[in-house]
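# Fold the following for me, if possible:
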Amino acid sequence: MPKLVIQGGTPLKGTVKLCGAKNASYKLMIASLLCPHEVSLSNFSHIADVKLVKKIIQSLGAQVDSTANRTLLINSKKLTSSTVPKDLGLASRASSMFIAPLLARTQKAIVPLPGGDKIGKRPLNRHFDGLKAMGAQIKFKNNSLHASCDQLIGAEYEFPKNSHTGTETLIIAAVLAKGKTTIKNAALEPEIDDLISFLNQMKAKIKRKPGRIIEIQGVKELGPAVYKIMPDRNETVTFAIASYLTKGDIIIQNAKQDHLTAFLEKLTQTKAKYETSNSGIRFFYHQPLKAVNLTTQPHPGFMTDWQPLWSVLATQLVGQSKITEAVFDSRFQFAKDLTKMGADINFFDPQPKNPQEFYNFNLKDDLKANQHGMIITGPSPLKGISVKVTDIRAGATLALAGLTAQGKTTLTGIEHIDRGYENFAGRFLQLGAKIKRID
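As a prediction, this is how the structure comes out:
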């Protein structure tokens with residue numbers, strides 16, 4: 001079983017270059033199935049999620065070739081299957097997204113329920129209700145979703161709650177649908193704009209409108225494209241927080257300020273120092289930072305993926321940080337391990353005035369045992385422990401804790417980290433970290 005061994009206490013200094021965004025890359029790969037011509041996608045990260053989606057696409061009959069410069073050539077002129085293999089589908093969060101291009105190209109899709117991170121229920125009904133509004137028939141049989149439709153028809157659909165992946169699913173479904181589709185309460189994440197730019201380069205007709213509205217005019221066929229995937233903003237936050245935790249100085253090449261507005265605003269409140277330029281952002285420690293409160297929200301709010309990473313920073317901030325998770329119903333699973341490392345964490349119930357509007361998850365899916373608020377008091381000296389990680393960001397969070405902790409931290413279950421970070425140990429090693437991967 002692979003593991004990471006980390007010896008904390010070393011200030012991290014140097015320059016790191018961002019890889020292509022995990023949350024954009026594999027979704028653009030799936031969207032490429034809409035096109036019967038060759039598509040060139042570059043700036044890929046060498047991560048497990050990309051490799052898994054590549055296997056799924058190849059299993060459907062499309063051709064995927066790797067070339068130099070982190071580029072994949074995808075040609076789905078011939079799709080010989082409409083069924084996502086069970087073993088691959090169960091391992092991937094992305095499996096449900098294959099329904100849209102398969103319906104558009106083959107009029108049917110059989111997809112196992114998706115797997116991935118254990119961070120709470122993912123309300124896939126939001127995706128399926130939108131597809132049904134476009135004429136799809138969706139049934140659950142033998143632990144798989146069976147979808148069919150002679151022709152997807154443009155429709156108007158409003159998400160009851162914001163849905164990042166749901167918005168992307170309906171965009172992909174609408175591109176080849178007959179007529180116009182209007183998506184209301186659509187998500188605003190930069191990764192969605194990356195998907196829109198990619199599809200429009202293939203001659204799709206997609207426009208954002210004011211007020212979280214996206215309009216798609218269906219076209220008969222898409223053309224070939226050459227496209228570069230956006231940089232990973234979650235990597236930016238990971239390396240940035242590492243610089244403050246270790247009292248270091250890290251320059252992150254290709255980091256985009258407009259992708260990080262909510263994060264940078266919180267850093268400013270802590271009195272943290274950073275410098276922006278056309279080539280990236282420098283994050284550097286200069287004095288103890290003060291605690292601040294935050295609540296996760298859909299973009300442009302503070303991203304839920306950043307919350308676990310910020311939580312370990314909060315253990316070293318001066319004062320009490322009040323952190324509220326409003327996007328997922330269960331995303332504090334890392335807290336017990338941070339507590340074992342010496343963090344001062346207490347849970348609280350946020351008590352919003354209107355829970356239905358405040359929380360982005362379905363309240364009916366919430367469990368009494370779930371916690372939605374934490375108070376973290378710092379600074380607290382952390383000590384190394386041995387622990388198994390449960391999801392991508394929790395894994396990165398505990399690794400960051402290990403970088404600032406006294407003694408040795410050993411992480412197993414690092415296949416979760418591999419899903420979202422390329423060469424995690426190697427890139428931190430280049431910044432001076434005492435970190436070793438043992439396979």
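# got a list of what the residue in the chain sticking out farthest from the centre touches?
Residue farthest from the centre of the chain, counting by CA atoms, centre = their mean, is residue 150 at 32.4 Å. Residue 150 makes contacts with 107, 135, as judged by CB atoms under 8 Å, 6 or more residues apart in numbering. Quick note: C-beta positions are derived from backbone N, CA and C, even for glycine.
# Ok, residue 164 next?
Listed by CB under 8 Å, 6+ apart, the contact partners of residue 164 are 23, 187, 189, 191-192, 298-299.
# and what of residue 358?
When contacts are counted by CB under 8 Å, 6+ apart, residue 358 touches 326, 350, 352.
# which of the residues you listed has the most neighbours?
Per-residue neighbour counts (other CB atoms under 10 Å) across these peak at residue 326, which has 23 neighbours.
# that older thread, just the contacts of residue 164: which are in helices?
Per DSSP state H, helices hold the following members of the contacts of residue 164: 23, 191-192.
# quick one on the thing from earlier: what separates the residue farthest from the centre of the chain from residue 238, distance-wise?
Residue 150 is 46 Å from residue 238, where distance means CB to CB, to the nearest Å.
# picking that back up, measure the residue farthest from the centre of the chain to residue 85 for me?
25 Å.
# What count of nearby residues applies to the nearest residue to residue 356 once chain neighbours are set aside?
Among residues not flanking residue 356 along the chain, residue 363 sits closest, at 6.4 Å (CB to CB, 6 or more residues apart in numbering). The local packing of residue 363 (other CB under 10 Å) involves 11 other residues.
# can you pull the pLDDT of residue 363?
Note on residue 363: pLDDT of 90.
# Check whether it really touches residue 355, as I assumed.
Yes: between residue 363 and residue 355 there is a contact at 6.1 Å, judged by CB atoms under 8 Å.
# so what's residue 409 up against?
Contacts of residue 409 by CB under 8 Å, 6+ apart are 4-8, 341, 384-387, 398-399, 401-402.
# Can you verify it is assigned to a strand?
Yes: with DSSP: H, G, I helix; E, B strand; the rest coil as the criterion, residue 409 is part of a strand.
# I'd like the distance from it to residue 93, if you could.
Residue 409 is 27 Å from residue 93, by CB to CB.
# Repeat that for residue 277.
From residue 277 to residue 93 the distance is 34 Å (CB to CB).
# Looking at those two, which is more packed in?
Applying other CB under 10 Å to residue 277 and residue 93 shows that residue 93 carries more neighbours, namely 18 against 11.
# for the residue farthest from the centre of the chain, helix, strand, or coil?
coil.
# State the distance from it to residue 216.
19 Å.
# number of nearby residues for the residue nearest to residue 41 when sequence neighbours are not counted?
Distances taken as CB to CB, 6+ apart put residue 72 closest to residue 41, at 5.2 Å, once the chain neighbours are dropped. Residue 72 has 22 neighbours, counted by other CB under 10 Å.
# In a helix, residue 72, correct?
No: Residue 72 is assigned strand when assessed by three-state DSSP, not a helix.
# partners of it in the sheet?
Per DSSP bridges, the residues bridged to residue 72 are residue 41, residue 66.
# do residue 346 as well
residue 375.
# Tell me how many other residues crowd it.
12.
# try residue 279
Count around residue 279 with other CB under 10 Å applied: 12.
# list the contacts for it?
Contact partners of residue 279, counting by CB under 8 Å, 6+ apart, are 253-254.
# For residue 160, what is the enclosing helix or strand?
Of the helices and strands defined by DSSP states H and E, none includes residue 160.
# No further questions, thank you.
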